[in-house]
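Fold the following, please.
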Amino acid sequence: MAQTTSSRPRRRGRLFPEYTIPPEELARREAEKKARCQRYREIFARVSPELIDSHYNWFIIIEPNSGDYFIDSDEELAMQKARQKYPQGMVGIMRLNETGTCGRI
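Numbering: from 1, shown residues only. Reported below is the predicted structural model:
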């Protein structure tokens, strides 16, 4: 008995080529992200020295456009406080310690 093989050609390429994001749009998004991260760090650097002493290792949620921040020892509660005031805003989470990091990698 002879073995049959499929001679169907393989398709290569994108599944949905109509959804390709142009490189200019990707570059714009990346620039916005870097600018937003820079604003997070600026606000953190401004407020952290006075808050670290009394709220060490608490979470700080920063809204970069207004400069508002929300702190709590529980991450979820801090996020709820931020979402009450800014339901659709982009917020950043940091920790009130020397580096601002929330955990280990």
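
What part of the chain, helix or strand, is modelled with the least confidence?
Sorted by mean pLDDT, DSSP states H and E, the helices and strands of the chain end with strand 92-95, the least confident at a mean of 90.

any idea how far it is from the chain center?
When distances are taken as Cα atoms, centre = their mean, to the nearest Å, strand 92-95 is centred 10 Å away from the chain's centroid.

And for it, what's in contact with it?
36-37, 40, 44, 57-62, 64, 75, 78-79, 100-102 (Cβ atoms under 8 Å, 6 or more residues apart in numbering). Every residue, glycine included, has its C-beta placed from N, CA and C.

how about residue 44, what does it touch?
Contacts of residue 44 (Cβ under 8 Å, 6+ apart): 60, 62, 94, 100.

Max pairwise distance over the residues you listed: which two?
By the measure Cβ to Cβ, 62 and 100 form the most distant pair in the contacts of residue 44, at 10.1 Å.

Show the buried residues in the contacts of strand 92-95.
36, 40, 44, 58-62, 64, 78-79, 100 (16 or more other Cβ atoms under 10 Å).

Looking at these, which two lie furthest apart in space?
Longest span within those, Cβ to Cβ: 36 and 58, 22.1 Å.

Okay, and the beta partners of the spatially most central residue of the chain?
What sits nearest the mean C-alpha location of the chain, by Cα atoms, centre = their mean, is residue 92, with 6.4 Å. Residues in a beta bridge with residue 92, per DSSP bridges, are residue 62.

do you know how far it is from residue 29?
In this view, residue 92 and residue 29 are 16 Å apart by Cβ to Cβ, to the nearest Å.
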